[in-house]
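S.K.: what shape does this take:
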Amino acid sequence: MIIEPHLALRPEIAAVFTPLGGFIGATLTIAAVYLLGRYHGDIDSKTLLLSGVIVGSFFSAMILLLITMLPSSSTRGVVYWLMGDLSTPMPPILGWVLRTGFFAGFALIYLTASDLNLLLAGEKEAMHLGVDVKKVQLVVYLAASALTGLAVSVSGSIGYVGLIVPHLMRMIFGTDYRMLLPASAFGGAIAVVIADTMARTVAAPSELGVGAVTAIVGAPLFIYLLRRRLA
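M.R.: Residues are numbered from 1 along each chain as shown. Below you'll find the model as predicted:
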């Protein structure tokens, strides 16, 4: 089965429905991982991680299946978007919705900063100090997942930013989440801008995928940070 070219959406319509469809898919993924990752009614980090890998593998297979159904003229655009693409113009209404969603999600996480600091001592210790551990875990999981879904829905997959930048910010600013959260947000934005600049200039006039640049730079750096932590 091949999707005919004339069934493709017009650019101005695709500019709205592509992010919308991406966020709906992210929401379904968040729900699936949460339901599969619960253990005796609680969020277990190991089970949640395994559930994320399983669900991610399933949807990756579905994406590959859909790509094989596309005409060859559309395949490159889809693959390029999946590698991370910041060149698509954004309608003003979509920009307003995204900004509102980002600020709301960040505010929810920042409100838990003090509780997250107490959780550094361990869940039992934090619970004895009055932290509602289950509530904090749920709020952070949902807000962080929603923020990720919003970002990926408009930019495609830009990996390693969420892995590398918080580790670097922790090394610079310490473990206080009241400082670490905004530092990671600004640091991540700066990292993406630098990666996008490199993607546009390194192989000019051709343009690389932003996700490819962050992966090439981020993977060795992440291995270094991991080895440094284990040493």
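S.K.: roughly how far apart are the residue of the chain positioned farthest from its centre and residue 121?
M.R.: Distance from the centre of the chain peaks at residue 128, with 32.5 Å (C-alpha atoms, centre = their mean). For residue 128, the distance to residue 121 (C-beta to C-beta, to the nearest Å) stands at 10 Å. The C-beta positions use only the backbone N, C-alpha and C, and glycine is treated the same way.
S.K.: now do residue 68
M.R.: Distance, residue 68 to residue 121, by C-beta to C-beta: 50 Å.
S.K.: now do residue 163
M.R.: According to C-beta to C-beta, residue 163 stands 24 Å off from residue 121.
S.K.: between the two, which is the more surrounded one?
M.R.: Higher neighbour count among residue 163 and residue 121: residue 163, with 15 against 12, using other C-beta atoms under 10 Å.
S.K.: flag every buried residue along the helix or strand harbouring the more buried one.
M.R.: If you go by DSSP states H and E, residue 163 is part of helix 161-173. Buried positions in helix 161-173, judged by neighbour count with 16 or more other C-beta atoms under 10 Å: 161-162, 164-167, 169-170.
S.K.: OK, contacts around residue 179?
M.R.: Shown in contact with residue 179 (C-beta atoms under 8 Å, 6 or more residues apart in numbering): residue 173.
S.K.: flag the shaky bits of the chain, pLDDT-wise.
M.R.: 1-16, 40-41, 73, 230-231 (pLDDT under 70).
S.K.: can you give me the strands in it?
M.R.: Along the chain, the segments classed as strands by DSSP state E run 38-39, 42-43.
S.K.: and the residue positioned nearest the centre of the chain, how far is that from residue 22?
M.R.: Central residue of the chain (C-alpha atoms, centre = their mean): residue 148, 3.4 Å from the mean position. To residue 22, residue 148 is 11 Å away according to C-beta to C-beta.
S.K.: residue 125 too?
M.R.: According to C-beta to C-beta, residue 125 stands 39 Å off from residue 22.
S.K.: and those two? Which one has more around it.
M.R.: Between residue 125 and residue 22, counted using other C-beta under 10 Å, the more crowded position is residue 22 (19 against 12).
S.K.: contact partners for the closest residue to that one other than its chain neighbours?
M.R.: The shortest distance from residue 22 to any non-neighbouring residue, by C-beta to C-beta, 6 or more residues apart in numbering, is to residue 153 (3.3 Å). By C-beta under 8 Å, 6+ apart, the residues touching residue 153 are 18-23, 26.
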